[in-house]
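>>> sharing a model that was predicted from the sequence below.
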Amino acid sequence: MYKQVCFFALILLIAACGPNVDAPLPILGERDVAPNGDTIYRSIPKFAFVDQDSQLVNNATFEGKIYAVDFFFIHCPTICPKVKANGLRIYQKFLNDDRFMLLSHSIDTKNDTVAALKRHADKLNIDAKKWRFVTGARDSIFGIADDYFSIAKENPDAPGGFDHSGRIILVDKNRHVRAFCNGTDAEDTDRFIRDIERLLKEQFPAQK
Amino acid sequence: MQKILIFSLSLAIFLVFACDGNQYPSGARVYKATCANCHLDDGAGLGALIPPLANSDYLIQHRDQLACIVRYGLVDTILVNGIRYQEQMAGIPNLSEVQITNVLNYIGSNWGNKVPAFRLEEVRTSLQSCNSLPTQDTKTKQ
């Protein structure tokens, strides 16, 4: 009997974890139920930051688009270059697709000024309209990292002075987090690129 | 019987080294642990921020400075394959002379580089003259 249960559990697990490319990506995070019975999904709150061209970047910047998010700092001695390299692959892949953008938050708000971010983005030959590198109030940046299920905090003992994750997070048109990947891992990033394509298909059914 | 055994043993050892495709496994380990985060696994570097180690003319032109750069880092502007790089590189002071030799040999023999092999003696000599180089970060010098 025990063996049979295990067998069925295994079958179920395989079925549940198997690649189902047609299913929509899940909406990640806790959810609530409204008094009328609707499900309320967790969503990205209001934010306002400044990008490498001193332009305001807020929720309206990504209106009607899907976007990928990460947290970094320029003088990061550890994972950032790998995440940037994979981010650049995502950028190149969707360079001419106006439905998709990228947003990188600097967590080193003291050193990564607008001018420093500008220099950084220019050296990566990045189009500022497509990939926004933002800075802002320290607490706002650290706070919104939680909303994206990422990690960003100061830690004098960490290399470079900050703890942060190398996650790249995918947000849909409705400000819901739909997928993420380990930005230091090229294969995981490839899977993430396919997730972006799936989300584009789901949210822009009439186009392309 | 013994001959066959010795033959197969040497063949096995030969194959392990020949098929690995990597002459410097300990250099590879040092590279992965201390260099790959920034210069990336394939030595490609990153845009105009982090210079490539792959197909790099700098390795040939600045051979005698490489050991010092690994140990003490770099603050100067450098020119690699015609592109100017200005970002600061942190040194890795805790690498031994042997580790530096291994990692230089790993880099110098990979990704299109054909840098003649470094010997421990050469690296040791290079490291003794780091102070006279204008490119090192004086703050981290010991």
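Received, thanks. Numbering: from 1, shown residues only, chains lettered A, B, ... in the order given.
>>> tell me which residues in stretch A:147-159 are buried?
A:Asp147, A:Tyr148, A:Ser150, A:Ile151, A:Ala152 (16 or more other CB atoms under 10 Å in any protein chain shown). Yep, even glycine has a C-beta here, placed from its N, CA and C like the rest.
>>> now do the same end-to-end measure for that stretch.
End-to-end distance of stretch A:147-159 (CA to CA, to the nearest Å): 24 Å.
>>> that stretch vs chain B: in contact?
No: Stretch A:147-159 does not reach chain B (CB under 8 Å from any CB of the partner chain); its nearest approach is 9.3 Å.
>>> can you find the helix or strand of chain B with the lowest average pLDDT?
helix B:2-20 (a mean of 67; mean pLDDT, DSSP states H and E).
>>> point out where chain A drops to low pLDDT.
A:1-3, A:5-22, A:207-208 (pLDDT under 70).
>>> and the longest helix for it?
helix A:186-203 (DSSP state H).
>>> list the buried residues in that one.
By neighbour count with 16+ other CB under 10 Å, helix A:186-203 contains the buried residues A:Ala186, A:Asp188, A:Thr189, A:Phe192, A:Ile193, A:Asp195, A:Ile196, A:Arg198, A:Leu199, A:Leu200, A:Glu202, A:Gln203.
>>> what of stretch B:54-68?
By 16+ other CB under 10 Å, the buried positions in stretch B:54-68 come out as B:Ala54, B:Ser56, B:Tyr58, B:Leu59, B:His62, B:Arg63, B:Gln65, B:Leu66, B:Ala67, B:Cys68.
>>> number of nearby residues for A:Asp70?
25 (other CB atoms under 10 Å in any protein chain shown).
>>> which other helices and strands does the one helix or strand it maps to contact?
Here A:Asp70, judged by DSSP states H and E, is contained in strand A:66-72. If contacts are counted by 3 or more CB pairs under 8 Å, 6 or more residues apart in numbering or on different chains; DSSP states H and E, strand A:66-72 sits against helix A:80-93, strand A:100-106, strand A:167-171, helix A:186-203.
>>> that one pairs with which strands?
strand A:100-106 (parallel), strand A:167-171 (antiparallel) (DSSP bridges).
>>> and the next element down the chain from the longest one?
When you say that, I think you mean strand A:100-106. helix A:114-123.
>>> again with the shortest one
Tracing the chain C-terminally past strand A:167-171 and defining elements by DSSP H and E, one meets strand A:177-182 next.
>>> who in chain A is up against chain B?
A:75, A:77-79, A:81-82, A:84-85, A:88, A:120, A:123-125.
>>> on that earlier part again, rebuild the buried residues of stretch B:54-68 as TSV, extending it with distance to chain A and pLDDT.
What follows is these, written out as TSV (distance: CB to the nearest CB, whole Å; pLDDT from 0 to 100):
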residue	distance to chain A	pLDDT
B:Ala54	13	97
B:Ser56	16	96
B:Tyr58	17	96
B:Leu59	19	96
B:His62	22	95
B:Arg63	25	95
B:Gln65	21	94
B:Leu66	20	96
B:Ala67	20	96
B:Cys68	19	96
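>>> re earlier: between the buried residues of helix A:186-203, which sits nearest chain B?
A:Ala186 (8.3 Å; CB to the nearest CB).
>>> quick check: the closest one touching A:Gly87?
No: here A:Ala186 does not reach A:Gly87: they are 11.6 Å apart, not a contact under CB atoms under 8 Å.
>>> perfect, I'm done here.
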